[in-house]
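Q: please find the sequence and the predicted model below.
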Amino acid sequence: MLKLLKFHMKRTQDRMKQLVDKGRSDRSFHIGDLVYVKLHAYHQVSVQAISNVKLAPKYYGSFLMEDKIGVVAYKL
């Protein structure tokens, strides 16, 4: 019974990972690229002050990529 449960749990986890990975894409940026930044309007008020946050733009930019700090961290 335990082997059967482990099999079904593994199969379910693999299926969930497959569905999540379908929507992902690998992105890499190089120094000097211009990029847009996605911000949560209700948290980030320092970039742009908007009276109606529901209608705020989803992306801000374009910002110049100055340096690569880590695998997914960049300095703008």
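A: That came through fine.
Q: show the subsequent helix or strand relative to the helix or strand where Val35 lies.
A: Per DSSP states H and E, Val35 falls inside strand 34-38. Next along the chain after strand 34-38, taking DSSP H and E as the criterion, comes strand 59-64.
Q: could you give the angle of that next one to strand 34-38?
A: Counting by axes from the mean of the first three to the mean of the last three CA atoms, to 10 degrees, strand 59-64 lies at 150 degrees to strand 34-38.
Q: what's the helix-or-strand element of the chain with minimal mean pLDDT packed up against?
A: The helix or strand of the chain with the lowest confidence, counting by mean pLDDT, DSSP states H and E, is strand 59-64 at a mean of 84. Contacts defined by 3 or more CB pairs under 8 Å, 6 or more residues apart in numbering; DSSP states H and E place strand 59-64 against strand 34-38. C-beta here means a position set from N, CA and C on the backbone, and glycine is covered the same way.
Q: with only the CA atoms kept, save the strand it packs on in PDB.
A: Taking C-alpha atoms only, strand 34-38 is exported to PDB below (Å, rounded to 0.1, in the frame of the first residue of the first chain):
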ATOM      1  CA  LEU A  34      17.200  48.000 -22.000                       C
ATOM      2  CA  VAL A  35      14.600  46.200 -19.800                       C
ATOM      3  CA  TYR A  36      11.100  46.800 -18.400                       C
ATOM      4  CA  VAL A  37      10.500  46.200 -14.700                       C
ATOM      5  CA  LYS A  38       7.300  44.700 -13.400                       C
END
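Q: so how far is that strand from its chain's centroid?
A: Strand 34-38 sits 12 Å away from the centroid of its parent chain (CA atoms, centre = their mean, to the nearest Å).
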